[in-house]
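1. 3D model of this:
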Amino acid sequence: MSSIISGQQATANKHNICRGIIFILAVILAILRSPLDAVADEAQPPSLQQEQTDSPNLTRKSEPAFGTKGQKQWYVQGAAATTLDREEAFPQRFGLAGAGLSKFLFDGHSINLELNTIYFSQPDNDALGLNLSLLMRWHFLRKTNWALFIDGGAGIMGTTSDVPSKGASFNFTPQAGAGINIKLKNQRRLMLGLRWHHISHADLFGANPGRDSIMGYVGVQFPKP
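-> You can find the predicted model right below:
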């Protein structure tokens, strides 16, 4: 009889051990299947979980406001322009593509250095040019997602033919205008603007017909480390 009881107890112990092993394995599998951060989220109050869901970048350092002193950017741009003289039988036009560097010397006030290539369409000989310009830009109204600005400056330009046709191949390029700067993703910004653009050699080479144009342009700004 005692041997039978002992055998039953041994069998029961084996079953208990098996159940314990199965329970432990189940717990381990549950832990592996559920990430620790999910377990932590379940332990947090619902209000805190909702706050973290709505603001996934709470711990990320906030971006400085656009136009802050010391901020640097670079940009690419394209433009098209036509002369303002309506009496011209053949309006002279040009297209522009280039890049620039920008630095805010004061809040809202930036200095900009641009290098642009220009193609001129004119009555006699079309021309290609290279234009280096220095512009000052004042962002007089800055909001979270956009800013309004006025700008102005001057530059020097060399061309393969005289611009205008009876002018010279070296000219100065004073210009002034206004535009809007719009926030995009990843700290990029869109520039849209309209500018008066003048070409003249300041009477350095005889006849100086000059050229006044209205220029529309679009550009994209990128943050500079």
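
2. spatially speaking, which residue is in the middle of the protein?
-> Closest residue to the average C-alpha location of the chain: residue 188 at 1.5 Å, with C-alpha atoms, centre = their mean.

3. Now tell me which helix or strand of the chain has the poorest mean pLDDT.
-> Least confident helix or strand, the chain: helix 36-43 with a mean of 44, by mean pLDDT, DSSP states H and E.

4. ok, now which ones touch residue 221?
-> Applying C-beta atoms under 8 Å, 6 or more residues apart in numbering to residue 221 gives the contacts 73, 74, 75, 102, 181, 188, 189, 190, 191. Quick note: C-beta positions are derived from backbone N, CA and C, even for glycine.

5. Can I get the buried part of those residues as one ChimeraX selection?
-> The buried subset of the contacts of residue 221, as determined by 16 or more other C-beta atoms under 10 Å, is captured in ChimeraX by this line:
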select :73,75,102,181,189,191
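
6. got TSV for the contacts of residue 221, with secondary structure too?
-> Below are the contacts of residue 221 laid out as TSV (DSSP: H, G, I helix; E, B strand; the rest coil):
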residue	secondary structure
73	strand
74	strand
75	strand
102	strand
181	strand
188	coil
189	strand
190	strand
191	strand
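
7. Distance-wise, check residue 185 relative to residue 222.
-> For residue 185, the distance to residue 222 equals 12 Å [C-beta to C-beta, to the nearest Å].

8. Look up phi and psi at residue 108.
-> Phi and psi for residue 108, reported as degrees, to the nearest 10, are phi 80, psi -10.

9. was I right about it contacting residue 138?
-> Yes: if you go by C-beta atoms under 8 Å, residue 108 and residue 138 touch, sitting 6.3 Å apart.

10. how's this structure carved up into domains?
-> 2-54, 72-223 (automatic domain parsing).

11. All set now, cheers.
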